[in-house]
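Visitor: Just the structure for this:
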Amino acid sequence: MPHRPHGDCGCGADLAAARDVGIERSHQVHDLPEVHITVWQHDVYRVRCGCGAEHVGQLPDEVSTAPSSYGPNLKSLAVYLLVYQHVPVQRCVQLIVDLTGGTGPSDGFVHGMLARCASAVAEVVAVIKSLITLAHVVGFDETTVRCGAAGEKKYVLSASTENATAYHLGGRDLESFAEFGILPAFAGVAVHDRYCNYFHTRWDKLTGHQACAAHLLRDFADAAETYPDAHWPTQAQRALRGLIIAWHAARDTGLPEIATEVRDEHASEFRSAVLVGLSQVPRVPGPRHSTAQRPGRELLEFCRSRQADVLRFTTDTRIWPTNNISERDLRPTKTQQKISGRLTSETVTQDRLDIRSYIDTARKHGINVMTAIRRALTGNPWRPPSQAPA
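Guide: Below is the predicted model:
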């Protein structure tokens, strides 16, 4: 849109007749068009042949046989708001009504879109789980969610790579871990928060473990507060941070592992801190599973007995030192609970998680969320590349 000077020049001439000598500067205004419902009417005709036989036309496959229906864009918006933006059903309906000038779907229709979309992406979610199972390194995490009858608690289990994410609703027990369908066949390295179920012998194909260094750093920070005069907690933190920084430097430059001299220096410092800590925090005698230990003792014993699972990332830069990727993937689940409160149906909650598995994986591949949802609801869901994530 051109904006020419107006008024008079100092010489008295009218600027409307001045000669154009070029654009001085430009300014762009970005805005959305006004949203309104567009209605397409499909008329199905009956025709009569010259022989007297009558024939009736057919609606396109994507059009409902009901007298009226909603199109894929509105359906996609409803799923996007419910699952990705955590908008409750009634507010989702009201938002659509406000956007479209007073016309919107019912609460039942919007809520029903969860099951319809979950069904549309079911095959893709199965592929995502297979790709995660084939990966070299996978981050596992779990978090509580209020789901089902009042007073009941469930867990959302997650499995994440840099290119894929899958979620499962269950308990924090071995059967739920098995039902998730990844750990029984997974033959890579599991990155996790040291929960005992990940170390179970049932997962006999695992190559190894990587204890999340971020959790270890927090635990050593707690030990530093408990034992303010001790040097070993700070020394252990310093050594771990040094190894993490060295891992990033090695990975960024394409090295398969941390330089030997750097790794040996920090690893030696870490082992020394653990040994000093064990000498200063003696074990309380008694049965292992029923005797409460002094703060930090079990942490130190873990670092001593599972040193390979603490420092595995130092010899393979494909393995992450922390499980931050899994924690980031699970964070929206807590946001959903804060907004919606208790989720009453386990089936619908799993539908939400399956849709989230689909769109989170699509996002990791650079696919727009609305585009991915629209493709699923129109019968052509996005699919991840057919190779194991790096």
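Visitor: Identify the residues contacting residue 304.
Guide: Counting by Cβ atoms under 8 Å, 6 or more residues apart in numbering, residue 304 touches 274, 275, 278. In this view, the C-beta of every residue, glycine as well, is placed from N, C-alpha and C.
Visitor: Reformat these as a markdown table; add neighbour count, secondary structure and distance to residue 25.
Guide: Conversion of those to a markdown table gives the following (neighbours: other Cβ atoms under 10 Å; DSSP: H, G, I helix; E, B strand; the rest coil; distance: Cβ to Cβ, whole Å):
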| residue | neighbour count | secondary structure | distance to residue 25 |
| --- | --- | --- | --- |
| 274 | 22 | helix | 64 |
| 275 | 14 | helix | 68 |
| 278 | 17 | helix | 69 |
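Visitor: tell me which of these is nearest to residue 204?
Guide: residue 274 (28.4 Å; Cβ to Cβ).
Visitor: Report the contact partners of that closest one.
Guide: 232, 236, 300, 303, 304.
Visitor: 6 Å - rerun?
Guide: Going by Cβ atoms under 6 Å, 6 or more residues apart in numbering, residue 274 touches 300, 303, 304.
Visitor: Distance check, it against residue 304.
Guide: Taking Cβ to Cβ, to the nearest Å as the measure, residue 274 falls 5 Å from residue 304.
Visitor: Likewise for residue 377?
Guide: Residue 377 is 54 Å from residue 304, by Cβ to Cβ.
Visitor: in this protein, which spans are helices?
Guide: 72-79, 89-99, 107-120, 122-133, 174-180, 213-226, 232-252, 260-280, 297-305, 307-311, 324-340, 346-364, 369-377 (DSSP state H).
Visitor: so which of the ones you listed gets nearest residue 58?
Guide: helix 72-79 (19.4 Å).
Visitor: And that closest one, what's buried?
Guide: 74, 75, 76, 77, 78, 79 (16 or more other Cβ atoms under 10 Å).
Visitor: which residues sit in contact with residue 75?
Guide: Residues counted as contacts of residue 75 (Cβ under 6 Å, 6+ apart) are 113, 377.
Visitor: Test for you: state the pLDDT assigned to it.
Guide: We have a pLDDT of 91 for residue 75.
Visitor: repeat for residue 387
Guide: At residue 387, the pLDDT value in this model is 53.
Visitor: And for residue 195?
Guide: pLDDT at residue 195 comes out at 95.
Visitor: go on, residue 16?
Guide: 83.
Visitor: Spatially central residue in this structure, please.
Guide: In the chain, the centroid-proximal residue (Cα atoms, centre = their mean) is residue 329; its distance is 3.0 Å.
Visitor: shouldn't that one be in contact with residue 162?
Guide: No: counting by Cβ atoms under 6 Å, residue 329 stays clear of residue 162, with 10.8 Å between them.
Visitor: Next, find the distance separating the residue lying closest to residue 103 once chain neighbours are set aside from residue 187.
Guide: Of all residues not flanking residue 103 in the chain, residue 37 sits nearest, at 4.9 Å (Cβ to Cβ, 6 or more residues apart in numbering). Separation of residue 37 from residue 187 (Cβ to Cβ): 52 Å.
Visitor: What of residue 146?
Guide: Noted for residue 146: a distance of 35 Å to residue 187, by Cβ to Cβ.
Visitor: who has more neighbours, the two?
Guide: residue 146 (16 against 13; other Cβ atoms under 10 Å).
Visitor: What pLDDT is listed against the nearest residue to the more buried one once chain neighbours are set aside?
Guide: Counting by Cβ to Cβ, 6+ apart, residue 146 lies nearest to residue 342, which is 4.3 Å off, once chain neighbours are set aside. pLDDT for residue 342: 76.
Visitor: Test my guess that residue 342 contacts residue 148.
Guide: No: counting by Cβ under 6 Å, residue 342 does not reach residue 148; the two are 8.1 Å apart.
Visitor: pretty sure residue 124 contacts residue 381?
Guide: Yes: using Cβ under 6 Å, residue 124 is in contact with residue 381, at 5.1 Å.
Visitor: quick one: low-confidence parts of the chain?
Guide: Within the chain, the segments meeting pLDDT under 70 span 65-69, 387-390.
Visitor: What is the burial count for residue 38?
Guide: 9.
Visitor: Next: the one 5 residues further on.
Guide: For residue 43, the neighbour count with other Cβ under 10 Å is 6.
Visitor: same check, this time on residue 170
Guide: 18.
Visitor: How about the contacts made by it?
Guide: Residue 170 makes contacts with 176, 179, as judged by Cβ under 6 Å, 6+ apart.
Visitor: and it, bridged to which residues?
Guide: Beta-bridge pairing of residue 170 under DSSP bridges involves residue 155.
Visitor: From residue 377, how far out is residue 94?
Guide: 22 Å.
Visitor: Between these two, point out the one with more neighbours.
Guide: Between residue 94 and residue 377, counted using other Cβ under 10 Å, the more crowded position is residue 377 (22 against 13).
Visitor: Pretty sure that one sits against residue 72.
Guide: Yes: at 5.2 Å, residue 377 and residue 72 qualify as touching, with contact defined as Cβ under 6 Å.
Visitor: Residue 76 reaches residue 373, doesn't it?
Guide: Yes: Residue 76 lies in contact with residue 373 (Cβ under 6 Å); the separation is 4.5 Å.
Visitor: Residues that sit against both of the two, list them.
Guide: Common neighbours of residue 76 and residue 373 are not found (criterion: Cβ under 6 Å, 6+ apart).
Visitor: Enumerate every residue touching residue 237.
Guide: Contacts of residue 237 were listed using Cβ under 6 Å, 6+ apart, and they are 217, 220.
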